[in-house]
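Asks: structural data only, the sequence is not supplied:
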């Protein structure tokens, strides 16, 4: 099946800093989603982005499907941004395969 | 729109008992729902695919007799953990895709998850 790798595994930032999270995948995809999992376990859908670029406030994402990677940008980070960020993809299958996640900690 | 409701959010049960978890798509129909499991500090792993009106398909290593899945309507799937043991303690989360938006080219929507603790 499709493999998904996320980097870095852990990231510690000072409030106000910017960051870039990366997601590499091993095959063509027709679905790519970025999620933020909060401390209560809720998965917050950030972007549905199988290709192209999208922005939502301080967050933006870019997927270069031909090169099999996606980037999530967080600008002016806040303590509430802390949590685990997951990239998940699907190719020919309908279900999503999740990466191992990036644990983000934003310090006040 | 596209809300998936999962209930209960948290359950504590004794070893040997069964627990049922419900997953509902509130404002869309879904012929297929997906059940994931997440152990502490780990990623989400697909357990099974729930198919409306037919048998669920299970991922390798998931016991179908232990994790019973029923998908009786286009808006409801249930996961029953039978004869639960402490090693079944985990975070279970369901997801579904809006049938009206195409089979694959649309996002999956997730419930808020169920935290199961077996004592």
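Replies: All right, it came through fine. Keep in mind that this is a model prediction, so the values were computed, not measured.
Asks: I'd say residue B:92 and residue B:21 touch.
Replies: Yes - using C-beta atoms under 8 Å, residue B:92 is in contact with residue B:21, at 5.8 Å. All C-beta spots, glycine's among them, are computed from the backbone N, C-alpha and C.
Asks: which neighbours do the two have in common?
Replies: When contacts are counted by C-beta atoms under 8 Å, 6 or more residues apart in numbering or on different chains, residue B:92 and residue B:21 are jointly contacted by B:79, B:81, B:114, B:116.
Asks: tell me the contacts of whichever residue of chain B sits closest to chain A?
Replies: When scored by C-beta to the nearest C-beta, chain B has residue B:107 as its residue closest to chain A, at 3.9 Å. Neighbouring residues of residue B:107 by C-beta under 8 Å, 6+ apart: A:31, A:33, A:45, A:48, B:2, B:97.
Asks: and chain B, which residues reach chain A?
Replies: Counting by C-beta under 8 Å from any C-beta of the partner chain, chain B comes close to chain A at B:32, B:34, B:36, B:38, B:42-46, B:49, B:91, B:93, B:95, B:97, B:103-110, B:112-113, B:115.
Asks: coming back round to it: just the buried ones among the contacts of residue B:107, please.
Replies: Among these, those buried by neighbour count (16 or more other C-beta atoms under 10 Å in any protein chain shown) are A:31, A:33, B:2, B:97.
Asks: among those, show me the least confident.
Replies: Least confident by pLDDT among those: that is residue B:2, with 81.
Asks: SS state for that residue?
Replies: Look at residue B:2: counting by DSSP: H, G, I helix; E, B strand; the rest coil, its state is coil.
Asks: now it. Nearest residue, chain neighbours left out?
Replies: residue B:109 (4.7 Å; C-beta to C-beta, 6 or more residues apart in numbering or on different chains).
Asks: wait, a helix at that neighbour?
Replies: No - secondary structure of residue B:109 (three-state DSSP): strand, not part of a helix.
Asks: what's the neighbour count on it?
Replies: 22 (other C-beta atoms under 10 Å in any protein chain shown).
Asks: now swap in residue A:26 and tell me
Replies: Using other C-beta under 10 Å, residue A:26 has 14 other residues around it.
Asks: list the contacts of the nearest residue to it once chain neighbours are set aside.
Replies: Distance criterion C-beta to C-beta, 6+ apart; nearest residue to residue A:26, sequence neighbours excluded, is residue A:3 at 4.0 Å. Residue A:3 makes contact with A:25, A:26, A:27, A:97, according to C-beta under 8 Å, 6+ apart.
Asks: list the ones among the buried ones among the contacts of residue B:107 that fall in strands.
Replies: Residues from the buried ones among the contacts of residue B:107 lying in strands, with DSSP state E as the criterion: A:31, A:33, B:97.
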